[in-house]
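> Give me a 3D structure for the following:
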Amino acid sequence: MKKQFLIILIFCSVYHGFAQPTGFTNALDFGFSPEASGLENTLALQKAVDRGGTIVVSQPGTYKLAGTVYVGSHTTLDFGNHVFIQKVNERGEFSHVILNKGAFTKTYDQNITIRGLHIAVNKMDVRKFAEAYGLHGQLAFFYVKDLKIERFRCLDLGKMQYGIHVCTFEDLIIDDVIIKGEKDGVHLGRGKRFTIRNGVFQTFDDAVALNAHDYATGNPELGWIENGVIENCHDLNAENTTGYFCRILAGAWTDWKEGMEVQQSDAVVSNGKLYRVQAKPDGTKYISKTRPTHEKGSQMIDGINWGVVQDEVIYTAGVRNVIFRNIFLEKPRIGLSIHFDNDKYSRSYYPGAPIPLQEKLTFDNVRVLHDKPIPFVQIATPVDLVTISNSSIGNNSIKFISNKAMNDYLKTNLLIYGCSFTHNGPLELIQNSVSGKAIYLKTFGNVALNGGFEAKIMNNNGRITIDSDLPGLKK
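Numbers count the residues shown, from 1 in each chain. Modelled structure (predicted):
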């Protein structure tokens, strides 16, 4: 009888949380509660997270949060089912719900997992840049290694902040996300070795942004995004849209030179550092007469606000060795944009800079589910190889454009195989408006599902070589 009583007592103690497994922290024990104020919850969750290890939020409910929670290395933050984190203004607006501690000092944090986080933005959609200029995700990480984000939800993104923002990273996994709203769903800056999978997006702006270059306000650092997989993702339809399913953004810049003309977001190398113009996007052109040399922060020089971006001498940024597969495009917009900016917000390529050649991009089993005559892929930068395989393509072209950023866009090899073409009629498969552009098109093993399909080429003074099995192109 005593033995049975002891077993029941132990079971009840564990079940009700009185005995915690070693290494687990219950945030409730620190006062993190649906009944607490946003300020109380911010302090309580921060105390729990500061312990490291695994922190669990298991009690269902809506938890108010009135400030950013900063997470360090070797930490798992696990939110249970039907737990919502709601941003509230109790001492002023704030940008990030969660940010890693190393973002302040550009010190790598590592081995972090965020699981089950459901953010209710609650109309608190602001860019403060308090921790790092250019960083503005609701969930944000800057200088991080071995990061996993699982089962993330945010259904009310505003116009200013991204859902997830990660820059300067190694070994990133983002798995099982549903993001809806106005701004970008997942926005990456420079980093290597990443997977984004099992995502559902319904965003006015980009679902996924691989912005190796960016607006000055869009990413805190510049560089290369490389060696990644984006798979099993859906771009849902919506009434209004801008952007793309994925923006693949490159850029390049030069050394500072006396008398050079610069504008908002232009970057230069000077004094062993990378500086950018941080100004209003009003189209103003500035003449830089004095070299920026300050060590950190921003400084007004010759009427130009120069900000220190990073202590690194690099001249190009872009995307390479990335595979997209099992992508479903419901929204009638350009699916994949291999991209340069060239407007008042940013010009990705500064005249005379090294050419940022994007490399080896693969689009496999992509399904275009709308029937609008909108490009499937738009290419506005130099890229060496684009592979399209096992995909379903309707009245959707591959479009090469120039935004007059450079004179030579180099040769692009375009490989298309194992695809089904559903359009019943002529299709301008390649639309090239770049004078002098060299394109090698190789296709094999494709199927036209309608007898009226005929592939055509629209070419404006480019040099296109064709080896194709498609009706209208095969010899």
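> quick one: residue 26 and residue 59 touch, right?
No: here residue 26 lies out of contact with residue 59, judged by Cβ atoms under 8 Å, at a distance of 9.2 Å. Where you see a C-beta, it was placed from the backbone N, CA and C, and this is true even at glycine.
> beta partners of the residue lying closest to residue 222 once chain neighbours are set aside?
Spatial nearest neighbour of residue 222, excluding adjacent residues (Cβ to Cβ, 6 or more residues apart in numbering): residue 317 at 4.6 Å. Beta-bridge partners of residue 317, counted by DSSP bridges, are residue 251.
> List the contacts of residue 317.
Contacts here follow Cβ atoms under 8 Å, 6 or more residues apart in numbering; on that basis residue 317 touches 190, 212, 213, 222, 223, 224, 250, 251, 252, 356.
> Among these, which lie within helices?
Using DSSP state H, no member of the contacts of residue 317 sits in helices.
> Output these in CSV; the columns should cover pLDDT, neighbour count and distance to residue 179.
Below are the contacts of residue 317 laid out as CSV (pLDDT from 0 to 100; neighbours: other Cβ atoms under 10 Å; distance: Cβ to Cβ, whole Å):
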residue, pLDDT, neighbour count, distance to residue 179
190, 99, 26, 22
212, 99, 28, 21
213, 98, 31, 23
222, 99, 28, 24
223, 99, 21, 25
224, 99, 20, 25
250, 98, 30, 24
251, 98, 28, 25
252, 98, 26, 30
356, 97, 26, 28
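> Out of those, which two sit at the greatest distance?
Between any two of the contacts of residue 317, the greatest separation by Cβ to Cβ is 13.8 Å, found for 190 and 252.
> what's around residue 123, how many residues?
Using other Cβ atoms under 10 Å, residue 123 has 11 neighbouring residues.
> sorry, that was for residue 54
Residues contacting residue 54 under the criterion other Cβ under 10 Å number 16.
> likewise residue 452?
If we define neighbours as other Cβ under 10 Å, then residue 452 has 11 of them.
> ok, the residue nearest in space to the middle of the chain - contacts?
Computing the C-alpha centroid of the chain and ranking residues by Cα atoms, centre = their mean puts residue 187 first, at 2.0 Å. Residue 187 makes contacts with 137, 162, 163, 164, 165, 166, 206, 208, 209, 211, 218, 219, as judged by Cβ under 8 Å, 6+ apart.
> do residue 91 as well
Residue 91 touches 39, 66, 67, counting by Cβ under 8 Å, 6+ apart.
> Include secondary structure when you put those residues into JSON lines, please.
Shown next, in JSON lines, are those (DSSP: H, G, I helix; E, B strand; the rest coil):
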{"residue": "39", "secondary structure": "helix"}
{"residue": "66", "secondary structure": "coil"}
{"residue": "67", "secondary structure": "coil"}
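> what pairs with the host helix or strand of residue 171, and is each one parallel or antiparallel?
Assessed by DSSP states H and E, residue 171 sits inside strand 162-181. With DSSP bridges as the test, strand 162-181 is paired with strand 137-157 (parallel), strand 186-188 (parallel), strand 191-203 (parallel).
> Mind checking these for the one nearest to residue 108?
Set against residue 108 and scored by Cβ to Cβ, the strands paired with strand 162-181 come closest in strand 137-157, at 5.0 Å.
> Now that closest one: buried residues?
Buried residues in strand 137-157, defined by neighbour count with 16 or more other Cβ atoms under 10 Å: 137-154, 157.
> what's the answer for stretch 63-83, then?
Neighbour counts over stretch 63-83 (16+ other Cβ under 10 Å) mark 63-73, 75-79, 83 as buried.
> swap in stretch 34-46?
In terms of neighbour count (16+ other Cβ under 10 Å), stretch 34-46 has its buried residues at 36, 38, 40, 41, 42, 43, 44, 45, 46.
> and which of the residues you listed is nearest residue 469?
Each of these was scored against residue 469 by Cβ to Cβ, and residue 45 proved nearest at 58.8 Å.
> Domain-wise, how is the chain divided?
Domains of the chain are assigned by automatic domain parsing as 24-244+318-401, 254-310.
> from those, which stretch is densest packed?
Comparing the domains of the chain by mean neighbour count (mean count of other Cβ atoms under 10 Å), domain 24-244+318-401 ranks first with a mean of 20.
> Tell me which stretches of the chain form helices.
Here the chain has its helices, by DSSP H, at 2-15, 38-49.
> In the protein, where is pLDDT below threshold?
For the chain, applying pLDDT under 70 flags the ranges 1-23.
> make it 90
1-23, 239-242, 403-407, 475 (pLDDT under 90).
> tell me the contacts of the nearest residue to residue 260 once chain neighbours are set aside?
Nearest residue to residue 260, sequence neighbours excluded (Cβ to Cβ, 6+ apart): residue 288, at 5.3 Å. Contacts for residue 288 (Cβ under 8 Å, 6+ apart) come out as 256, 258, 259, 260, 261, 262, 268, 301, 302, 304.
> Distance check, the closest residue to the second one other than its chain neighbours against residue 314.
Looking back up the chat, that one is residue 258. Counting by Cβ to Cβ, 6+ apart, residue 289 is the residue found nearest to residue 258 once chain neighbours are left out, at 6.1 Å. In this view, residue 289 and residue 314 are 25 Å apart by Cβ to Cβ, to the nearest Å.
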